[in-house]
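Engineer: turn this into a model:
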Amino acid sequence: MRNGYNGKILHINLTTHQFHVETPDENFYRKYLGGSALNLYYLLTMIPKGSDPLGHDNVFAVSVSVTTGAPFPGNSRVIMSAKSPLTGLIGDSQAGGFFPAEMKFSGFDAFIFTGQSPTPVYLWINDGEYELRDATHLWGLETGEVEDLIHEELADKKIEIAQIGPAGENLVRYANVLNMCNRANGRTGMGAVMGSKKLRAIAVRGKQGHKNFKLANPDEFRNFARELNKTIRETVEPKLGKFGTAGGVPGLNQGGMLPTKNSAYGVFDAYEKISGNTIYEHHLRGASEGKQDSRGRDTCFACPVRCKRVVEYENGDLSIDPRYGGPEYETLAKFGSECEISDFYTIAKANEMCSRYGLDTISCGGTIAWAMDCYEKGILTTDDTDGIKLEYGNSEALLPLIEKIAKREGFGDILAEGSYRAAMKIGKDSSNQLLVANKQEFPAHMPRVKRSLGLIYAVNPFGADHMSSAHDPSYEVVDDPTNDKSDTTGTKPQVSPPLLELGLTHPTPQFSLDSEKVRFARLTQDQYGLFDSLGICMFVSNGILLKGLVKIIKTVVGWNTSIEELLAVGERRVNMMRLFNAREGYKKEMDKLPPKMYQPLKGGASNELKMDPEVFEEAKQEYYAQRGWNPDTGNPTIEKIKELGLDWAVKE
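Structural biologist: Numbering: from 1, shown residues only. So this is what the prediction gives:
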C-alpha cells in the first residue's frame, strides 16, 4: 500500500466472471484523485457511444479517493458512476457511511464492472482476495434481509455491504444503491445499472488493510485531525448534528423557499411538523426518554457530527424499523410539503420503504408530486391510477404507490420510468407540470428563488442536483436596514470563508443572475466537483476549507499540492462529464428549465417570483464563456480539453 491509497483497481467482467488488477502510476492518482473524476476516465474510455444504459456495454465504476480511510471528519464517501438509465447521460452518485473506508481497507481504490452476469451474483472482497458469489437466493429480497444473509453466510457482522433492492432488480430508473441499509447512492439510477448487470451487492472487509493503512506524516496528520475535530464539533455539530438537514425548514419556509404542492408555492402551512426541531424533540429514537443523542443519531466513519437521523416507531399497523434510519430534508420536502402531506410518521415510513426497496426518495417523491398535480388538474383520474385518489394531502395514497413503483405494478410501472417519461406516455398537458432538468426530478430547492441554482440545474451534466454548487443566499446582498452592521446602503454582505478561498468577494443583489453570480456558480461547481472526487462530505467541508484539504493531502499522501491544483481536478471532472454527454449528442438547447419555472410562485415571501427567460439565456451564455466552452454548442473546446491535460479525450 502507498501512503493513503492502495494503487490497485479491480476490473470485473460480469459476463465471463473474470478479473484483472490494474496498478496505475502516481501521476494518474494525482491527476484524478479518485471518486468522480477517476470514474469518468474509465467511463469515457470504455463505454461505446450510444450504449444502452441498461445494456451489456454500460460500465459501472465504484471508487473512493487517495485520502479515504484516513480518520478525519467528512472523509468517508463512495462514488458510483455509469451512463444513467434515468437521463441517458452521465450518471454520478455519492454516499457516506462506513462502506467507503472499509472498501479502501479491503485492498482496492476502485471497482470497474463491465458486461452482464447471466445469473445474480455479489462481489466479495476480503483483504485483497476477491470472488463473485452466487446471489440467486438473495434476488427478490429487501435490503435488510440481504444484509443479514450475507453477514451470516460470510460469518462476519463487520462486513460492509453496498446493495440494490427489489427496485434495482426491477430496473426502476431511479433505483439507488444502499450501504448500511440507509446510506444511499441516490439520483441518476445507479441501482438500476446494478440490477441490469445482475449485481446484487458488493461486500467488503479489510482487517489487514485497516492495520496497515499508511500516512505520509502520521504525527503531523494526527495533530491536524485533532484540531479539525475540535473545529467541527464547535461549528458544524451544534446545528447539523442536533437537528439534521431539516434544521433549516423554518428558515426556508419563512423565506418562501420550501417547495410545496409540486412547487406552486414556497410556503407550507404545516412546516413545523417536518422541521428538524420537531423531529429532534419528538420523533428521533429515544426522544421519549431524552436519549436522542445516543440512540437517535448515527454517524459515518471518523465523523463527530452524528447528523444521520434514526427513527423508531410502532403504533397499530404502522411500524418504522430504525435500521433504515430516518428522513432527511430532501425526503421530508418531496414526500411532505411537495405532496402536502404533514404526517411525519407517514413520511418516515415512506423513507423506510425506499430504503427497503432501494428507491431514490427525491425522484420518487417528485414523481408522485407531479402525478398529484396531474390528478388535481384532471389529466389523471382513478381510472389511470388503479383507483388510488392522488389528491394532495392524501397520506393514505403515498405508501401503496411507493410499493407499486418498486414492484412495477399497475400505475407504478409508469411512474417507475420517472416523471419525464411518464409525461411522454400520458401526454395531454402533463409535461407542463414537470419539475425536471435533463429528465431528472428537481431536489427540494427552488430556482425561482435561488437563481444560480436554476442555472446549475440546467447545465449540470447529470441533471438537476442541489449538491453540485453552493446556494445563492451564501453570496447575496440582502436588504436589512435595521442591522447595526449594515453599510451605508442598508445592506449586509454574507460571504463565508469557503467562498473567500475562491476569490469570491463581491456578493450580488438578492435574486440576481448577473456575471458575478454566474462566476459564483461556476467556481463552486468546480469546488463541489473536487469534493466528489476526493470523497469529502460537503456538510463538513466548510469546517475543513480548501487549505485544510491541502494539508490533509500533504500529511496523508505526501504530495505538496495547492488549492489551484485541487480545483483543477474539479474543473476537469465537470469537463469530462460534459464531454461524455457531447459524445452522446448533447446540445446546448438541452440546457433548459421546465415551463413551471417561468410561472410565478404563490404566497409568502416568494410570492410572484419567477425566472426571466431572457435573463436565464444570457446567464447560460455567460456560463459557457467563463468555462471556455464553444458558445454555439455549449460544449468544451479542444483548447480547453488540452488545457486540463485531457489530450487523450480529444478523439472521444
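Engineer: dump the helix or strand where Met194 lies to PDB, restricted to CA.
Structural biologist: Per DSSP states H and E, Met194 falls inside helix 190-196. Taking Å, rounded to 0.1, in the frame of the first residue of the first chain, the C-alpha atoms of helix 190-196 are listed here in PDB:
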ATOM      1  CA  MET A 190     -27.200   3.600 -10.300                       C
ATOM      2  CA  GLY A 191     -29.300   0.800  -8.700                       C
ATOM      3  CA  ALA A 192     -30.900   0.100 -12.000                       C
ATOM      4  CA  VAL A 193     -27.500  -0.300 -13.600                       C
ATOM      5  CA  MET A 194     -26.500  -2.800 -11.000                       C
ATOM      6  CA  GLY A 195     -29.800  -4.600 -11.500                       C
ATOM      7  CA  SER A 196     -29.300  -4.800 -15.200                       C
END
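Engineer: and it, what does it pack against?
Structural biologist: If contacts are counted by 3 or more CB pairs under 8 Å, 6 or more residues apart in numbering; DSSP states H and E, helix 190-196 sits against strand 60-63, strand 78-83, strand 90-95, helix 166-169, strand 177-179. For glycine as for every other residue, the C-beta is placed from the backbone atoms N, C-alpha and C.
Engineer: try 7 Å
Structural biologist: Packing partners of helix 190-196 (3 or more CB pairs under 7 Å, 6 or more residues apart in numbering; DSSP states H and E): strand 78-83, helix 166-169, strand 177-179.
Engineer: what's in contact with the last one?
Structural biologist: Going back to what we said before, that points to strand 177-179. 80, 95, 97, 99, 143, 160-164, 184-185, 190-191, 194, 355, 358 (CB atoms under 7 Å, 6 or more residues apart in numbering).
Engineer: repeat that for stretch 45-54.
Structural biologist: Contacts of stretch 45-54 with the rest of the structure, by CB under 7 Å, 6+ apart, involve 57-59, 83-85, 88, 114, 171, 192-193, 196, 583-584.
Engineer: could you redo the last one with a cut-off of 8 Å?
Structural biologist: Residues outside stretch 45-54 that contact it (CB atoms under 8 Å, 6 or more residues apart in numbering): 57-59, 82-85, 88, 91, 112, 114, 171, 189, 192-193, 196, 580, 583-584, 648, 652.
Engineer: follow-up on the earlier one: hey, which of the helices and strands packed on helix 190-196 is tucked in deepest?
Structural biologist: Ranked by mean neighbour count, the helices and strands packed on helix 190-196 are led by strand 177-179 with a mean of 31 (mean count of other CB atoms under 10 Å).
Engineer: picking up where we left off before, now the element after the helix holding Met194, going C-ward?
Structural biologist: Counting by DSSP H and E, the element after helix 190-196 in chain order, helix or strand, is strand 199-205.
Engineer: buried stuff in the helix or strand that that following strand is followed by?
Structural biologist: Remark: after strand 199-205, the chain's next helix or strand is helix 207-211, criterion DSSP H and E. Residues Gly209 are the ones in helix 207-211 that count as buried (16 or more other CB atoms under 10 Å).
Engineer: so for helix 207-211, what's the average pLDDT?
Structural biologist: The average of the pLDDT scores along helix 207-211 is 92.
Engineer: what packs against that helix?
Structural biologist: helix 99-105.
Engineer: on that earlier part again, ok now the helix holding Met194, how far from the chain's centre?
Structural biologist: The gap between where helix 190-196 is centred and where its chain is centred comes out at 16 Å by CA atoms, centre = their mean, to the nearest Å.
Engineer: what mean pLDDT does it get?
Structural biologist: Mean predicted confidence for helix 190-196 is 98.
Engineer: who touches that helix?
Structural biologist: Helix 190-196 is contacted by residues 53-55, 58, 60, 80-86, 91, 93, 116, 164-165, 167-177, 185, 200, 358, 360 when judged by CB under 8 Å, 6+ apart.
Engineer: drop the exposed ones from those residues and show what's left.
Structural biologist: Neighbour counting by 16+ other CB under 10 Å classes 53-54, 58, 60, 80-86, 91, 93, 116, 164-165, 167-177, 185, 200, 358, 360 among those as buried.
Engineer: for the nearest residue to Thr299 once chain neighbours are set aside, which residues are in contact?
Structural biologist: Nearest non-adjacent residue to Thr299, counting by CB to CB, 6 or more residues apart in numbering: Arg306, 4.3 Å away. Neighbour list for Arg306: Glu237, Gly241, Asp293, Arg297, Asp298, Thr299 [criterion: CB under 8 Å, 6+ apart].
Engineer: what does Glu403 give?
Structural biologist: Residues near Glu403 by CB under 8 Å, 6+ apart: Met353, Tyr357, Glu409, Gly412.
Engineer: likewise for Cys339?
Structural biologist: By CB under 8 Å, 6+ apart, the residues touching Cys339 are Gly365, Ile368, Ala369, Met372, Tyr392, Gly393, Leu398.
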